[in-house]
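In: Quick one: sequence and predicted model below, then my questions.
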Amino acid sequence: MHLNNGRRLVAVSILLAAVGCNADAPPSGPQQPRMTVTSALKGAPSLILAAQNGTLGRGEQDRLVALEARLPGFGGFYIANGEVRVHMKGSGHSTAHIQRTLHSVFSQHENPRVREVLVRMNSATVLRAAYTLAELVAIENRIAASPIHLPGWTGAGINITRNRIVVMFKDDAALSHGLSLMESIGVPVAALHPVVMPQMELAGTWSDAYMPTRGGIKIKILNNGRWPGYWATDYFTGKQFWKDGFYFDCSLGFNVKNPAGTTFLLTAGHCPNQFAGVNGAVGDSIFQPHRVLPTIPPIGGEVATFINNPPYDEAPSCPIENPNTGKRYDFCTDADVALGQYLPGMTGERKIGVSTTGGVNGNTGTNQINNWYVINAVLTPEYVDSTMLHHAAKSGFSSGTTSGEILTSSGPIPSTICMNPMQNPCVRKTIMLLRQATGKFIMRGGDSGAPVFTGNPGNGAPYAAIGIATAGTPVTGIPCTLCQTAFSRWDMIEQRLGYGAGTLRPQTTP
């Protein structure tokens, strides 16, 4: 059973009343003043200044947006087959000057893997762009904070490769209407790459019976004090059997070390939040089913306890209105993340388990694990090669290893969260997942928190961590051509947990 299965926010239509008139017979009565709308592009200069001052709050994208102060017209860059391609809008700078400037910046990058990825910056190809990166961010911000309703809107995000903003709507009709509405709020339609995408759902799972044999290790969240296990009786045989108390299934993302050198379990924050029905819930136990001894009642299995779960921002700290409803979101966050502290005696080793056959083009991965591989670096989506052999992948216990193109590197994804699970129906809240990247691959219930990674440096192991899976579109069939996964970026995870950039590291050995 998936959270929010078949449930979406109700789209609120905008009713526009047209009144015929002519010059000889002006309409009677007081007239409403027309809304003055400025182009979203005009917000770019203030974003560049914020990035320079370190207050933009977009992680690695702050560095890229701030570059426009040194390279006016800079539209970002992407990597294809190891070659760097730079977008520039109306720049008077020579190609050599652009190459030298970018090389001087990124040759000093604190992440050694980024320095390796961009080693060819000196020979970068310069492409003519329609928009600067700051302008794309300004467009994304205007859409996320739309002053009017956008019925059927399901997300947006920056696609640096296309030099466009990807906008998502639930169906073709909503998309067509939505583009017209976006133009009316100062969004240049030419800057948009529209796609049809159902609303994403947070992909934790209530008590589903999956075997923990796939890539991302299955974790169960339990609280035996509140919802203890009990003896039940089989209706047909009369035999007793042990039944676990209420629990919640997710996937273990990465073992990580904080700046103090302490090892933690990293997974999605909505897993403990939904289980407890509390924003920022801590204290519940994390179990791994394969560690449970086959006794009745079963013994063991507890591996960690949630100790750090940054609460979602709530109104008025989350002053974002839902373009579908015109009401403020109940919650918003730029990284859906929580940390669990291991019990004494638990090792910190964590490798990526990948399916024998991975799922591509809307398919799931196979049930068998091929092998376990180390994580040896961290990257953000901007530095992932855009070619097929370097796409993003996730390994969750429910749908195995799936991979595909990174569609957006950062953007808003609206969803809902089901709080207070023991109440039926549960208390359903709206949530805006900000700064999320999206990839064109499958995610199912129980995959929340699963590791998202990419080949480093080539196709296959070893791997670089790029985030954890948070939400996905409903899987309506296999192959699922519309399926996408949202994931919290590594740099935003660090920021949300209060760590400095580059200080939260994947732990691959004890």
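Out: That came in fine, so what should we check first?
In: tell me the contacts of residue 256?
Out: 263-264, 266, 339, 504-507 (Cβ atoms under 8 Å, 6 or more residues apart in numbering). Placement of C-beta: from N, CA and C, glycine included.
In: repeat that for 10 Å
Out: Contact partners of residue 256, counting by Cβ atoms under 10 Å, 6 or more residues apart in numbering, are 262-266, 339, 348, 350, 375, 378, 465, 490, 493-494, 497, 499, 504-507.
In: for residue 427, same thing?
Out: 277, 330, 417-421.
In: out of those, which are buried?
Out: 330, 417-419, 421 (16 or more other Cβ atoms under 10 Å).
In: circling back to that earlier point, how about the contacts of residue 427, which pair is most distant?
Out: 330 and 421 (16.5 Å; Cβ to Cβ).
In: what comes up buried for stretch 312-326?
Out: Under the neighbour-count criterion of 16+ other Cβ under 10 Å, stretch 312-326 has 312-313, 318, 320-325 buried.
In: and that stretch, how far apart are its ends?
Out: Terminal residues of stretch 312-326 are spaced 20 Å apart (Cα to Cα, to the nearest Å).
In: I'd like the distance from it to the chain centre, please.
Out: Centroid displacement of stretch 312-326 relative to its chain, using Cα atoms, centre = their mean, to the nearest Å, is 18 Å.
In: could you give the mean pLDDT of that stretch?
Out: Across stretch 312-326, the average pLDDT comes to 84.
In: Over to stretch 94-106?
Out: Stretch 94-106 comes out at a mean pLDDT of 95.
In: and if you look at stretch 220-235?
Out: On average, stretch 220-235 scores 65.
In: Distance from the chain centre to stretch 106-126, please.
Out: Worked out by Cα atoms, centre = their mean, stretch 106-126 lies 25 Å from the chain centre.
In: Buried residues of that stretch, list them for me.
Out: In stretch 106-126, counting by 16+ other Cβ under 10 Å, buried: 106, 109, 111, 113-114, 117-118, 121, 124, 126.
In: Which members of these are positioned in helices?
Out: 106, 113-114, 117 (DSSP state H).
In: ok, back up a step: and the contacts of residue 256, which of them are buried?
Out: Using 16+ other Cβ under 10 Å as the threshold, 263-266, 339, 348, 350, 375, 378, 465, 490, 493-494, 497, 504-507 are the buried ones among those.
In: ok, which stretches of the stretch 401-510 of the chain are strands?
Out: 406-408, 413-419, 427-433, 436-439, 451-455, 463-472, 485-489, 505-506 (DSSP state E, counting those that start in this stretch).
In: and the fourth one, which strands flank it?
Out: What it means is strand 436-439. According to DSSP bridges, strand 436-439 forms sheet pairs with strand 406-408 (antiparallel), strand 485-489 (antiparallel).
In: Determine which of those strands approaches residue 343 most closely.
Out: Nearest to residue 343, of those and by Cβ to Cβ, is strand 485-489 at 25.5 Å.
In: List the buried residues for the helix or strand encompassing residue 75?
Out: For residue 75, the element it lies in under DSSP states H and E is strand 74-80. The neighbour-count check on strand 74-80 (16+ other Cβ under 10 Å) flags 74-79 as buried.
In: for stretch 372-387, same thing?
Out: For stretch 372-387, by 16+ other Cβ under 10 Å, it's 373-375, 377-386.
In: Just the CA trace of that stretch, in CSV.
Out: The C-alpha trace of stretch 372-387 is given here as CSV (Å, rounded to 0.1, in the frame of the first residue of the first chain):
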residue,chain,number,x,y,z
TRP,A,372,27.9,-4.5,-2.9
TYR,A,373,30.0,-1.5,-3.9
VAL,A,374,31.7,1.3,-2.1
ILE,A,375,30.8,5.0,-2.2
ASN,A,376,33.9,7.0,-2.7
ALA,A,377,32.7,10.6,-3.4
VAL,A,378,29.9,13.1,-3.2
LEU,A,379,28.5,15.1,-6.1
THR,A,380,25.6,17.4,-6.7
PRO,A,381,23.4,17.0,-9.8
GLU,A,382,25.2,19.8,-11.7
TYR,A,383,28.4,17.7,-11.9
VAL,A,384,26.8,14.4,-13.0
ASP,A,385,27.6,13.6,-16.6
SER,A,386,24.5,14.0,-18.8
THR,A,387,25.1,11.0,-21.0
